[in-house]
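**Q** show me how the following folds:
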Amino acid sequence: MEYMNKRHILIVDDRPDSIEVLLFFLKKDGYKVTIVENGIDAINFVKENQPDIILLDVMMPEMDGFAVCKHLKEEPLTKEIPVIFITALFETKDIIRGFEVGGVDYITKPFEYKELHARLVTHLNLKIAQEELVIARKMEAIRMFSVGIAHDFNNILSAILGYIELALNDKRTHSEVSDLLKSSKNLAIKAGDLVYKLLTTSHGAKPTLQKFKVFDLINMAVEYSIKNTDIDFEIDVDKDLEILIDFDQMRLALTNIINNSIESMANGGKITINANKIEISSKKSINSNIPVKNQTTPFQSGKYVKITLQDQGIGIAKENLDKLIVPYYSTKKNVSDKGLGLGLTFAYSIINKHDGYIHISSENKKGTLVSIFLIDKDN
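**A** As a prediction, the model looks like this:
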């Protein structure tokens with residue numbers, strides 16, 4: 001049981017004298033234990049300290065255990081902490097209510113320590129496994145990121161060196177050398193753009209907000225993407241609609257999203273882009289496959305500009321939706337020529353820096369709908 005040592009357990013009970021024996025055995029088994037006596041103190045403590053697991057009494061004055069658990073599960077920082085209810089309530093409806101508000105287990109009073117400890121170890125093991133899975137996913141993302149960056153830079157540098165070698169050939173005319181140097185310059189710009197994407201997806205490159213027309217933003221993003229394609233575009237945007245944004249960053253974000261759609265339509269098709277103002281009158285959530293704030297994207301009350309991009313591409317399998325913002329992750333089978341890319345990761349980062357929200361829905365062979373929600377800060 002050494003791996004459980006120093007795991008932090010929070011006990012919430014308004015009668016600490018009733019759990020003295022439990023406290024003795026837990027400390028004897030090597031756990032770090034904290035006790036608080038009411039729900040408000042528990043919520044405040046968890047926000048600052050985040051224990052590994054919570055043993056929560058149900059029957060408490062002012063704020064019962066169900067209300068405490070419900071509150072913790074609504075907060076991004078505390079929702080993943082497992083809660084085991086300690087209760088004297090035996091009725092099925094009470095047990096069901098405990099699971100409904102987010103509890104992972106329950107044990108009834110009076111309890112045997114061996115039974116409680118067995119349940120405790122089970123849920124701590126599950127938490128440890130989840131933590132290890134998160135670490136493994138992050139390591140895989142770092143590996144993919146490193147391979148992708150190396151791949152893209154190697155392609156760019158190889159092409160530049162090739163053009164230089166050709167330019168150094170004495171038999172080249174001045175015009176041919178000039179064309180080769182222009183191509184090298186364009187590739188160097190592409191390398192600079194890749195560096196800019198890296199900086200933007202990190203903590204740098206904060207947006208400089210100014211008021212711009214949404215139509216101009218979308219129109220320019222389309223112009224940057226439409227070259228050498230046979231894709232049709234349908235744009236339905238009020239030409240007077242304005243928003244506070246960093247124009248260059250948001251244009252690049254939209255360009256990357258559009259380019260993803262174009263690549264999914266090898267046989268041509270249409271991309272429909274709409275934008276309009278919406279108002280959220282009360283806090284609500286949407287199930288977002290690509291979250292900005294947390295797994296379920298919360299909308300605060302207020303006004304938003306909503307931009308949607310619907311393509312007629314091959315779509316994305318449901319199991320791949322939550323991986324789309326991983327740097328250099330791709331659902332494409334053949335990526336040797338174009339690289340895996342930072343496209344959606346880059347767009348996600350920019351929208352996040354604008355305090356925005358992104359939602360992607362898709363099905364195989366049915367196209368993809370990208371919805372971007374930007375706070376209308378001008379109202």
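**Q** CA atoms for contacts and neighbours, from now on please.
**A** Fine.
**Q** where do the domain boundaries of the protein fall?
**A** 2-111, 140-201, 210-375 (automatic domain parsing).
**Q** quick check: mean pLDDT of the second one?
**A** Model confidence over domain 140-201, given as mean pLDDT, is 72.
**Q** swap in the first one?
**A** When pLDDT is averaged along domain 2-111, the result is 86.
**Q** in stretch 358-375, what counts as buried?
**A** 358-362, 367-375 (16 or more other CA atoms under 10 Å).
**Q** what's the top strand by length along the chain packed up against?
**A** In the chain, assigned by DSSP state E, the strand with the most residues is strand 269-280. On a contact count with 3 or more CA pairs under 8 Å, 6 or more residues apart in numbering; DSSP states H and E, strand 269-280 meets strand 231-237, strand 302-310.
**Q** the inter-axis angle of the last one versus strand 269-280?
**A** Put simply, strand 302-310 runs at 170 degrees to strand 269-280, going by axes from the mean of the first three to the mean of the last three CA atoms, to 10 degrees.
**Q** mind listing what strand 302-310 pairs with, with the direction of each?
**A** Paired with strand 302-310 in the same sheet, following DSSP bridges, are strand 269-280 (antiparallel), strand 368-375 (antiparallel).
**Q** which secondary structure elements does the next helix or strand after it contact?
**A** For strand 302-310, the following helix or strand on the C-terminal side (DSSP states H and E) is helix 343-353. Helix 343-353 sits against helix 174-201, helix 247-263, strand 357-362, with contacts defined as 3+ CA pairs under 8 Å, 6+ apart.
**Q** now with 10 Å, please.
**A** Judged by 3 or more CA pairs under 10 Å, 6 or more residues apart in numbering; DSSP states H and E, the packing partners of helix 343-353 are helix 174-201, helix 247-263, strand 357-362, strand 368-375.
**Q** where does residue 319 land on pLDDT?
**A** So, for residue 319, pLDDT stands at 65.
**Q** what about the helix or strand that residue 24 is a member of, distance to the chain center?
**A** Per DSSP H and E, residue 24 falls inside helix 20-28. Chain-centre distance of helix 20-28: 40 Å, with CA atoms, centre = their mean, to the nearest Å.
**Q** for stretch 24-34, same thing?
**A** On CA atoms, centre = their mean, the centre of stretch 24-34 falls 36 Å from that of its chain.
**Q** and if you look at stretch 166-179?
**A** On CA atoms, centre = their mean, the centre of stretch 166-179 falls 48 Å from that of its chain.
**Q** quick one: residue 261 from residue 226, how far?
**A** Distance, residue 261 to residue 226, by CA to CA, to the nearest Å: 11 Å.
**Q** repeat for residue 81
**A** 47 Å.
**Q** more crowded one of these two?
**A** residue 81 (21 against 17; other CA atoms under 10 Å).
**Q** and the more buried one, what does it touch?
**A** 46, 50-54, 69, 72-73, 102-104, 124, 127 (CA atoms under 10 Å, 6 or more residues apart in numbering).
**Q** out of those residues, which is most surrounded?
**A** Result: residue 69 is most packed of these (other CA under 10 Å), 29 neighbours.
**Q** now that residue. Its backbone dihedrals?
**A** In terms of degrees, to the nearest 10, the main-chain angles of residue 69 are phi -60, psi -40.
**Q** using TSV, please lay out the helices and strands packed on helix 343-353 together with distance to residue 278.
**A** Formatted as TSV, the helices and strands packed on helix 343-353 follow (distance: least, CA to CA, whole Å):
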stretch	distance to residue 278
helix 174-201	28
helix 247-263	19
strand 357-362	13
strand 368-375	9
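**Q** still on that earlier bit, just give me the closest of the contacts of residue 81 to residue 219.
**A** Minimum distance to residue 219 across those is 41.9 Å, recorded for residue 73 (CA to CA).
**Q** what distance do you get for the residue lying closest to the closest one once chain neighbours are set aside to residue 18?
**A** Nearest non-adjacent residue to residue 73, counting by CA to CA, 6 or more residues apart in numbering: residue 79, 3.9 Å away. Going from residue 79 to residue 18 by CA to CA gives 27 Å.
**Q** when these two are compared, which one has more neighbours?
**A** Neighbour count, other CA under 10 Å: between residue 79 and residue 18, residue 79 has more, with 15 against 11.
**Q** wait, isn't that one in contact with residue 53?
**A** No: contact criterion CA atoms under 10 Å: residue 79 and residue 53 do not qualify, at 11.2 Å.
**Q** can you put the strands paired with strand 302-310 in CSV and add mean pLDDT and distance to residue 246?
**A** Output for these, formatted as CSV (pLDDT from 0 to 100; distance: least, CA to CA, whole Å):
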stretch, mean pLDDT, distance to residue 246
strand 269-280, 88, 17
strand 368-375, 88, 12
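**Q** which one of those lies nearest to residue 254?
**A** strand 368-375 (9.6 Å).
**Q** tell me the angle that closest one makes with strand 357-362.
**A** Computed by the same axes, to 10 degrees, the angle between strand 368-375 and strand 357-362 is 170 degrees.
**Q** pull strand 368-375 out as CSV, backbone CA atoms only.
**A** Output of strand 368-375 as CSV, limited to C-alpha atoms (Å, rounded to 0.1, in the frame of the first residue of the first chain):
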residue,chain,number,x,y,z
THR,A,368,-18.4,19.2,-40.6
LEU,A,369,-19.9,22.2,-38.9
VAL,A,370,-17.6,24.5,-37.0
SER,A,371,-19.3,27.1,-34.8
ILE,A,372,-17.3,30.0,-33.3
PHE,A,373,-18.7,32.2,-30.5
LEU,A,374,-16.9,35.5,-29.9
ILE,A,375,-18.1,37.8,-27.1
